[in-house]
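In: Got a predicted model here, sequence first, then my questions.
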Amino acid sequence: MRVLVTNDDGIAAPGLAALASAVPSSYEVVVAAPREEASGLSSALTAVVSDGQIMITPADISDLSAYGVAASPAYIVVLASLGVFGPPPDLVLSGINRGANAGRAVLHSATVGAALTAANYGMRAMAVSLDVLHPSAKVSAASGGNAIVLPSDDALHWGAAATTAASLLGVLEEAPKGTVFNVNVPDRPAPPDLREATLASFGQAGIAVAEAGEGFVRTTIERVDEPLVPGTDLALLADGYATVTALRPPAEVPGIRIPAQRRVSS
């Protein structure tokens, strides 16, 4: 079983190394991730091209085959499916993201976007994120309104999230092809209990207008202040549980009545 590990925080991100290192030795692992941070790109297929070439640089992550790629996470998954990093993977793991990817805001996440792209190519995939808005971060945020202040990477418990993800690999293998597990883990020293969750109707954070004037606008990322609905990923995260939600790539909606084909007059 061959596994591609990628992310959107970049090849040097601690969450990437933690996730790759947690995969059992029974799997063949290759790491390929953006050379720079590529957050918020969803499933965008973008790359930095020089003379028609996408630059790929060897990286040092444990004893694994690892590459920094001048491309978005979804594009890296496509390259992997084409055999660029060796035989195409059976599973794709994306993360560990710095910050939860929960609710319907997963639409915009490049962590989840890479996993959905893998599923679109018939692979099974898992997106893994660490909820970094623990109490100390909330105190900092409270001092500046709703603005989010993230803790240092060194203070986060990447290993617990990686262990949670590794424990789901066997279940993921048994899932139908094209399935994505979206996993969110609270920032705790030990792996928390896991719960199946539905998607909240919103995300943990959203874009807000910080300043607007003639010919310009400045935005900021702020905490979303909405009531938590029991059973959703955000509610369960707030209660200290790790969550898993099964997703699939976009598909048609059955049962919607569409007018018959007709000529449209101008």
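Out: Here it is on my side, so go on.

In: all contacts plus neighbour counts: C-alpha atoms, from now on.
Out: Fine.

In: right, and the helix or strand after the lowest-mean-pLDDT helix or strand in the chain?
Out: Every helix and strand in the chain was compared by mean pLDDT, DSSP states H and E; the lowest is helix 135-142, with a mean of 45. Next helix or strand after helix 135-142 toward the C-terminus (DSSP states H and E): helix 158-167.

In: Now do the strands in the chain.
Out: Along the chain, counting by DSSP state E, strands occupy 2-6, 28-34, 49-50, 53-54, 56-58, 65-69, 91-98, 124-131, 180-186, 194-196, 205-213, 216-223, 242-247.

In: got a list of what Leu4 touches?
Out: When contacts are counted by C-alpha atoms under 8 Å, 6 or more residues apart in numbering, Leu4 touches 29-32, 80, 89-93.

In: Out of the strands of the chain, which is closest to Asp153?
Out: strand 91-98 (8.3 Å; C-alpha to C-alpha).

In: what is the orientation angle of the closest one with helix 158-167?
Out: Put simply, strand 91-98 runs at 160 degrees to helix 158-167, going by axes from the mean of the first three to the mean of the last three C-alpha atoms, to 10 degrees.

In: Of all the strands of the chain, which one comes closest to Ala18?
Out: strand 91-98 (7.5 Å).

In: Sheet-wise, list the partners of that closest one with their directions.
Out: Within its sheet, strand 91-98 is paired with strand 2-6 (parallel), strand 124-131 (parallel), according to DSSP bridges.

In: and the strands of the chain as JSON lines, adding distance to Phe85 and mean pLDDT?
Out: Output for the strands of the chain, formatted as JSON lines (distance: least, C-alpha to C-alpha, whole Å; pLDDT from 0 to 100):
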{"stretch": "strand 2-6", "distance to Phe85": "9", "mean pLDDT": "98"}
{"stretch": "strand 28-34", "distance to Phe85": "7", "mean pLDDT": "97"}
{"stretch": "strand 49-50", "distance to Phe85": "18", "mean pLDDT": "82"}
{"stretch": "strand 53-54", "distance to Phe85": "13", "mean pLDDT": "94"}
{"stretch": "strand 56-58", "distance to Phe85": "10", "mean pLDDT": "96"}
{"stretch": "strand 65-69", "distance to Phe85": "8", "mean pLDDT": "97"}
{"stretch": "strand 91-98", "distance to Phe85": "13", "mean pLDDT": "97"}
{"stretch": "strand 124-131", "distance to Phe85": "17", "mean pLDDT": "97"}
{"stretch": "strand 180-186", "distance to Phe85": "22", "mean pLDDT": "98"}
{"stretch": "strand 194-196", "distance to Phe85": "33", "mean pLDDT": "98"}
{"stretch": "strand 205-213", "distance to Phe85": "34", "mean pLDDT": "81"}
{"stretch": "strand 216-223", "distance to Phe85": "35", "mean pLDDT": "78"}
{"stretch": "strand 242-247", "distance to Phe85": "26", "mean pLDDT": "98"}
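
In: where does the stretch 151-266 of the chain dip in pLDDT?
Out: 221-222, 261, 265-266 (pLDDT under 70).

In: at 50 what do you get?
Out: By pLDDT under 50, the stretch 151-266 of the chain has no low-scoring segment.

In: contacting residues around Val185?
Out: 100, 128-131, 161, 164, 192, 237, 241-243.

In: Minimum distance to Leu16: which of the strands of the chain has it?
Out: Here strand 91-98 is closest among the strands of the chain (C-alpha to C-alpha), at 5.6 Å.

In: which of the strands paired with strand 91-98 is buried the deepest?
Out: Among the strands paired with strand 91-98, ranked by average contacts under mean count of other C-alpha atoms under 10 Å, first place goes to strand 124-131 (a mean of 30).

In: contacting residues for Asp8?
Out: 33-34, 37-39, 72-73, 94-95, 97, 110-111.

In: Tell me how far it lies from Gly255.
Out: To Gly255, Asp8 is 36 Å away according to C-alpha to C-alpha, to the nearest Å.
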